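Trainee: one predicted model, sequence on top.
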Amino acid sequence: MYKSKLIHLFALLSASQRLGIRKWLQSPAHNQRADIWALWTYMEDQGPEAAPKAWEKAKVFEAIFGRTYRKEEDSLLRYAQSFLLQQIEEFLIAEQLDQMPLYKAELLAKAYQQIGLSKHLGQQTDKWERQLERQPQRASAYRKGQYALAKLRYKEEAKAGKSRNAPKNLPALGHWLDSEYRLRKLRQACLFLAHQAVYKTQYDFGLLPAVLAQIEAQTELLEDKALALYYHCYRLQSSVDAEEDFRELKRLLLSEKNILPDEQLRELYQLAINFCTKQVNLQRPGYEDYFEEMFALYRAGLNENLLLEQGLISPFAFKNIVSVGLWLKAYDWVANFIKDYENALPKAHQAAYARFSWAKLALEKEQYAKAQELLLQQEFADLFMQLNARVMLLKIYYALEEFDLLESFLASFRSFVNRKKRAQKLRSYHQENYLNIISFCRKLLQLNPYDRQEKKNLRQQIEDCSILTERRWFLQQL
C-alpha cells in the first residue's frame, strides 16, 4: 500500500487541501461510506511523512474494519482505497473549478439550457457576459468563453425559431474562434522558437505563415494587446535585428500588467530577457544599452512577482540579476536584492548562490580579501559557477599583484577547462571563451606597461576577439 497512487497523492497534498478533503468526506452529498471515512482518518493520524510500516495492510485493515486482516478480504481494502482516491480526485476537480469562475458560469448556463429554463438562461448568459468583460485578462480562456457564449445564444435563438435573429451570432462565432486560434498559435510559435534555440531541433509550425500574413495585412488586429505581445515576441525571436519589436514588447509588458495570466507573462518576460542576452553576447555597437533593458525587465518582473514560482526564484535568474546589476554598478540595489531573495532560492542552492553573489559584489567593490574568502569557503556543484569562480579568483590575484600565484593558477585553470571539454561537459563556445580569458590574462602579465604600441595592439586584439565575456574587464586593465 505504501507505493500506491493513493499514498503518493496523500503525501503531496497541502495542509489546506487535507482540511478541505476532510470536510468534503464529511458531507453526505459526497460520501456515505464508513470505510472511506475510517481510512481517511487513519491516514490523517499517520500524516503525510509516515514511515512505510504505517501503511502495512494488516494495520490499515484493522484500523478501517476493526478486525484482523485476512488475505481473502483483501478486496475490501482495495475497494476502500479506490473509492477514497476517487473522492480525493473529485475534490481536486472541484478545487480547480473554484479557480475558474468563467467556466463555472458557462456550465451553469448550459445546465439551464438543458433543463429548458429560458428565463434563467437569459439572466445567466447576461451575467456570464458581464463576468467576461469585467475580468482584465484577455487570454485563451476569455476568448473561449466569448465563443461558447455566442454559440449558446445562437443555438438558443435558433431553437426558439427566431430565424431573423439567429444568424446575428454567427459572425461572433467566427470572430472569437479566429481570435483564440491566432493567440494560441503565436504563443506556441514563441515556445517552439525558444526550444529550437536550446535543443537545435526543428518543429512544424503548421498554419503559422497564414496567421502572420493575416496580421500583417490587417494591422488593426494588433489593437488586441494580448495578440500584439505574442506577435512582437515572435518577431524578436525570429531575428537579432528586431529592436523595434523588442521596444514594443517591453512597452506592452510594462503597461499591460494584467492582460495575461502570470504564467504567460512570465514566459514573455523571460523571452524578452533572452533577446537582451543575445544582443549582449553579440557585442555589436550599442550592446551595453541592453544591460539597462535587462535590468528594467528584471526589476519589473520582481515588482510584479513574476520571477517567482510558488515563492521560489530560479538560481539561474538569481545569478543573472546579480550579474546585470553589478555590470551597471547598482551595488546598493544588488545588496538589497541578495538579502531579500536569497531565502527564496531552493534550499539546495541557497548557500552556494548567495555566497557566490556576495563574492561578486565584494569583487566589484574591490573588497578583494572578502571576495577571495567567500569563494574559497564554498564548493560549487554547478560547472559554470566553478568556472566563473575561477574567473573571479583570476581577477583577485591580478588586482593584488600576486603574479606568481596567478601564473600557476592559469595553468590549472586551462587544464580544468580542457578536461571538462574532453568529458563533453562544456560546449566549444564556452571552452573558447574561457581559454580566451586565460590567454589574454597571460598577455596582460607579459605586457610592457610602458610600451604604448604593445598596449595598443593588445587592445585591438581584445576588441576584435569574437568570443570574450570579460572584454570590458580586460580593456579596463590597459
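Mentor: Alright, I've got the coordinates.
Trainee: excluding chain neighbours, what is closest to Gly145?
Mentor: Among residues not flanking Gly145 along the chain, Leu102 sits closest, at 4.7 Å (Cβ to Cβ, 6 or more residues apart in numbering). Every residue, glycine included, has its C-beta placed from N, CA and C.
Trainee: enumerate every residue touching that neighbour.
Mentor: Leu102 makes contact with Trp128, Gln131, Leu132, Gln135, Ala141, Tyr142, Gly145, according to Cβ atoms under 8 Å, 6 or more residues apart in numbering.
Trainee: pLDDT score assigned to it?
Mentor: Here, the pLDDT recorded for Leu102 equals 92.
Trainee: for this structure, where's the lowest mean pLDDT among helices and strands?
Mentor: Lowest by mean pLDDT, DSSP states H and E among the helices and strands of the chain is helix 140-159, with a mean of 90.
Trainee: quick one: contacts of that helix?
Mentor: Residues from elsewhere that reach helix 140-159 (Cβ under 8 Å, 6+ apart): 100, 102-103, 105-106, 109-110, 113, 118, 121, 125, 128-129, 132, 135, 165-166, 169-170, 172-173, 176-177, 179-180, 183-184.
Trainee: so how far is the helix or strand hosting the residue nearest to Gly145 from its chain's centroid?
Mentor: Per DSSP states H and E, Leu102 falls inside helix 101-115. Helix 101-115 sits 33 Å away from the centroid of its parent chain (Cα atoms, centre = their mean, to the nearest Å).
Trainee: residues in contact with stretch 103-115?
Mentor: Against stretch 103-115 from outside (Cβ under 8 Å, 6+ apart): 97-98, 120-121, 124-125, 127-128, 131, 141, 145, 148-149, 152, 155-156.
Trainee: again but with stretch 338-351, I slipped
Mentor: 302, 308, 311-313, 315, 318, 322, 353-354, 357-358, 361, 378.
Trainee: can you pull out the strands in this structure?
Mentor: Assigned by DSSP state E, the chain shows strands spanning 308-309, 312-313.
Trainee: could I get these as a markdown table with distance to Leu207?
Mentor: Converted to a markdown table, the strands of the chain look like this (distance: least, Cβ to Cβ, whole Å):
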| stretch | distance to Leu207 |
| --- | --- |
| strand 308-309 | 32 |
| strand 312-313 | 37 |
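Trainee: please identify the most buried of these.
Mentor: Stretch with highest mean neighbour count among the strands of the chain: strand 312-313 (a mean of 18; mean count of other Cβ atoms under 10 Å).
Trainee: adjacent strands (with direction) for that one?
Mentor: Applying DSSP bridges, strand 312-313 is found paired with strand 308-309 (antiparallel).
Trainee: what residues does the partner strand touch?
Mentor: Residues contacting strand 308-309 (Cβ under 8 Å, 6+ apart): Arg266, Ala344.
Trainee: again, only using 10 Å
Mentor: Asp262, Glu263, Arg266, Gly301, Leu302, Ser314, Ala317, Tyr341, Ala344 (Cβ atoms under 10 Å, 6 or more residues apart in numbering).
Trainee: biggest separation within the residues you listed, which pair?
Mentor: Farthest apart among these by Cβ to Cβ are Glu263 and Tyr341. That separation is 20.1 Å.
Trainee: those two: which is more packed in?
Mentor: Tyr341 (21 against 10; other Cβ atoms under 10 Å).
Trainee: so where is this structure shaky, pLDDT-wise?
Mentor: Within the chain, the ranges that satisfy pLDDT under 70 run 161-167.
Trainee: what's the longest helix belonging to it packed up against?
Mentor: Using DSSP state H, we find that the single longest helix of the chain is helix 170-199. On a contact count with 3 or more Cβ pairs under 10 Å, 6 or more residues apart in numbering; DSSP states H and E, helix 170-199 meets helix 140-159, helix 208-217, helix 225-238, helix 262-282.
Trainee: thanks a lot, catch you later.
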